[in-house]
Each structure stands twice: as C-alpha cells, then as structure tokens.
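Participant: here are the coordinates; sequence isn't available:
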Ligand SMILES: NC(=O)c1ccc[n+]([C@@H]2O[C@H](COP(=O)([O-])OP(=O)(O)OC[C@H]3O[C@@H](n4cnc5c(N)ncnc54)[C@H](O)[C@@H]3O)[C@@H](O)[C@H]2O)c1
C-alpha cells in the first residue's frame, strides 16, 4: 500500500511559529501527520524547534535563506506565535503596547514578507487571531494587536491573492494552554459561562482547522475568518439573557 495515500499535505513545506508548546506544537504535529515537512520554530528552545523570534527581521531573513537553499519553496506559514499582557486601559504603558504588537502584528507581517517570495501558486498562510479580535476584551494591548492582525490578514489576502497565495485567519476562544493557565481562575469560569458549548477548547480542537486551511481542500477560501470558540463570539453577549430566561432557571 502507498504510505502517502490520503495524506492531505504530502510534499508541502510548512513553517509554524510559536511551536514549542500549546497550539503551535499541536499544529506542527497534526501537519506532520498529514505528510507536511514542518519547520517548527519558537523563541524558546524545545525539541525539534528551530530558534526564531518572530519580531526579528534578521531571524526571518536567516530562515528564508535557509529554506530557499534547502527546499527552494515554502507552501505554508502558520503565524501562531503570540503573547498577551493583561493590563487595562488605565495601566497599560506605551512600551507594553509596542512589545505585544511587535510579536502579534509585526511578527506575522515579517513572516509573510520574507516567505511569500518563496511561495508558489496554491500556497496558504494561516494567521492566528483570537476571539479578542472579534469583540471588546479587557487586555487592551492584546486586543488591539489581534484586531490589527485582522486588518493585516485581509490586506495580505488582497495583495497575495493574485499570486495564488491564500491568507486566512482563525480566532480561537478559550483554549487550554499555558497562556490561559496563567490567567486568574475567574477568567476560565467567566469564559465557560459565555460559551454555548459549555466547555473550554483543547489544542486538538484547533489543529484540524489549520490542516484544512493549509490543504488543497480549502483552495478557494481566502480572506476568511473562522472562530474556533464553542459559539462564544456568535451570540454577541446575550447568552446571559438566554440563560436567565430558560424555563429551568426560575424566570
Ligand atoms: N490559549 C488561548 O485561549 C488563545 C485564545 C485565542 C488566541 N490564542 C492565540 O493562539 C496562539 C498560540 O497561543 P497558545 O495558547 O498556544 O499560547 P502559549 O503561550 O502556550 O504558546 C505561545 C508560543 O509562542 C511562543 N512565542 C512567544 N513570543 C514569541 C516570539 N517573539 N517569537 C517566536 N515565538 C514566540 C512562546 O514561546 C510559546 O511557545 C497565540 O497567537 C495566542 O494569542 C490563544
């Protein structure tokens, strides 16, 4: 039997940022299972990860040169690396804004600038946004960065489309990773209350969507934004109203 049969990403070279842990690690594993040659990267060292700080132009230039030499082409980029900073409007400092935006916005921009020249027709970029990019959310540096990433993704889909490169954005809700574990327990509980599916997400709820968006199965999808949030952003804040009026709620 042909071992490659049915594998969706056979022969594709794919770069994943922030792949040392969390969603990036799960995405790198899922992409590898589908036959991709994955270049897992992170600013932290981890087994199988190449060092790349997404906010460093020099790091991206080095990676692009290496990939050009080794493979000649790159077919996929997952701009997954991201950081949060939980200061509200009254407390956030300009340097916090700059630091978070450098990773969450300039990082994906640099990735696309440096890797798009290596991408043939049919290539695909996935930018990892957040439910915070679809609603108001209290950590202002993070929220503004993820809204900016939406604008960047739309512009990139417009600019790179004529070259046959697709650009899509996914918006995870509450996913169990180190990032969410570092928040106060009340954050998890409040997210659960707002999530119609009544549970938090896991990294394996997100990774299959990334596989799909990098595969040829999504060949006419570009500029799209897909929430992976258990329905949280779809209800626009009225879940509490619906819950309050349920027959079993006593109202
Ligand atoms: N966990 C969630 O609930 C959630 C929800 C919405 C969006 N997101 C987004 O999903 C993505 C992945 O987050 P996660 O939950 O796996 O978090 P995580 O903190 O577990 O993983 C993030 C990874 O990015 C890496 N990273 C940080 N700065 C970097 C840099 N400058 N260069 C390269 N790598 C860097 C970290 O070392 C880490 O390995 C992020 O963009 C995050 O904003 C997460």
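Facilitator: Thanks, I have the structure now. Being a predicted model, the structure only gives us computed values, none of them experimental.
Participant: Can you name the residues bridging to the residue nearest the centre of the chain?
Facilitator: Nearest to the geometric centre of the chain sits residue 128, at 1.8 Å (C-alpha atoms, centre = their mean). For residue 128, the beta-bridge partners are residue 170 (DSSP bridges).
Participant: how near is it to residue 163?
Facilitator: Separation of residue 128 from residue 163 (C-beta to C-beta, to the nearest Å) stands at 22 Å. Quick note: C-beta positions are derived from backbone N, CA and C, even for glycine.
Participant: Does stretch 22-41 reach the ligand?
Facilitator: Yes - using C-beta under 6 Å from any ligand atom, stretch 22-41 reaches the ligand at 22, 23, 24.
Participant: just to confirm, which helix or strand has the last one in it?
Facilitator: By that I understand residue 24. helix 22-33 (DSSP states H and E).
Participant: following that helix, which helix or strand comes up?
Facilitator: Next element after helix 22-33 (DSSP H and E): strand 37-42.
Participant: for the helix or strand just after that next one, the distance to its chain's centre please.
Facilitator: Using DSSP H and E, the helix or strand that follows strand 37-42 towards the C-terminus is strand 50-51. Between the centre of strand 50-51 and the centre of its host chain there is 18 Å, according to C-alpha atoms, centre = their mean, to the nearest Å.
Participant: got a pLDDT number for residue 138?
Facilitator: The per-residue pLDDT reported for residue 138 equals 95.
Participant: repeat for the one 4 residues further on
Facilitator: At residue 142, the predicted lDDT confidence score is 98.
Participant: next one: the one 4 residues further on
Facilitator: In this model, residue 146 is scored at 98, pLDDT.
Participant: which ones are touching it?
Facilitator: 104, 129, 130, 132, 133 (C-beta atoms under 8 Å, 6 or more residues apart in numbering).
Participant: Cool, thanks, signing off.
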